[in-house]
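> need a 3D model of the following:
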Amino acid sequence: MNHRDDLLVADLSGFLRAFEWVNAKCDNGFTFRVNCVDGVSDVALAVAKQFASENSISISTEEIAYSREFMSKVLTRWLLCYLNDPVARDRLQDTRQNFSLSHPDCHSQLLSPILETIERLVAVRAAYKIELTTKGHYACDSDDIVIAGDDRMLFFHFSVSD
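Numbers count the residues shown, from 1 in each chain. Purely as a prediction, here's the structure:
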């Protein structure tokens, strides 16, 4: 990975970390990560190596159609989780609708640079959803996504453990 790409991954990691923190104000145990692995084209091998430390009993990969719409849905689900509690007990209270991220039309403005960064880092050839069964606790809810290019993969992990 070159220096420019290192900076893009660091920027993406910082962005995810900021929203991990924001969501933790409404619930506990959010984890959002991105990891870039260079020089890999075998998805099954890369996934097994990536999740080796999770005490996994089984790991399955399901190829999914990558699109900006798909990734936007995943990002919206996790990054904006603090807006989505239907009971409004554990979410941002914006009674006057002054906070721009309370407006759905602003969500695309937030996510567009992230999607562009993903596409700059990886010439997407396929995407995979990872299902993990572990010996111990992994998360109450999670999404693990791999975006594969010809010689690089991005691993995204979104979870909440509380």
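> and the strands in this protein?
Using DSSP state E, the strands of the chain run over 30-38, 56-64, 126-134, 141-148, 152-160.
> quick one: strands adjacent to the fourth one?
Going back to what we said before, that points to strand 141-148. In the sheet, strand 141-148 lines up against strand 126-134 (antiparallel), strand 152-160 (antiparallel) (DSSP bridges).
> just give me the longest helix of this structure.
Longest helix of the chain, by residue count under DSSP state H: helix 3-24.
> what's that helix in contact with?
With contact meaning Cβ atoms under 8 Å, 6 or more residues apart in numbering, helix 3-24 is reached by 1, 30-34, 36, 78-79, 81-82, 114, 117-118, 120-121, 160. In this view, the C-beta of every residue, glycine as well, is placed from N, C-alpha and C.
> how about low-confidence regions in the chain?
By pLDDT under 70, the low-scoring segments of the chain are 25-28, 52-56, 84-104, 134-139, 162.
> could you check the angle the longest helix of the chain makes with strand 30-38?
170 degrees (axes from the mean of the first three to the mean of the last three Cα atoms, to 10 degrees).
> show me which of the contacts of helix 3-24 are buried.
30-32, 34, 36, 78-79, 81-82, 114, 117-118, 121, 160 (16 or more other Cβ atoms under 10 Å).
> ok, how many other residues are close to the nearest residue to residue 130 once chain neighbours are set aside?
Nearest non-adjacent residue to residue 130, counting by Cβ to Cβ, 6 or more residues apart in numbering: residue 144, 3.8 Å away. Close neighbours of residue 144, defined as other Cβ atoms under 10 Å, add up to 23.
> centre of the chain to the longest helix of the chain, how far?
For helix 3-24, the separation from the chain centroid amounts to 10 Å (computed by Cα atoms, centre = their mean, to the nearest Å).
> quick check: buried residues in it?
Neighbour counts over helix 3-24 (16+ other Cβ under 10 Å) mark 5, 8-9, 12, 15-16, 19-20, 22-23 as buried.
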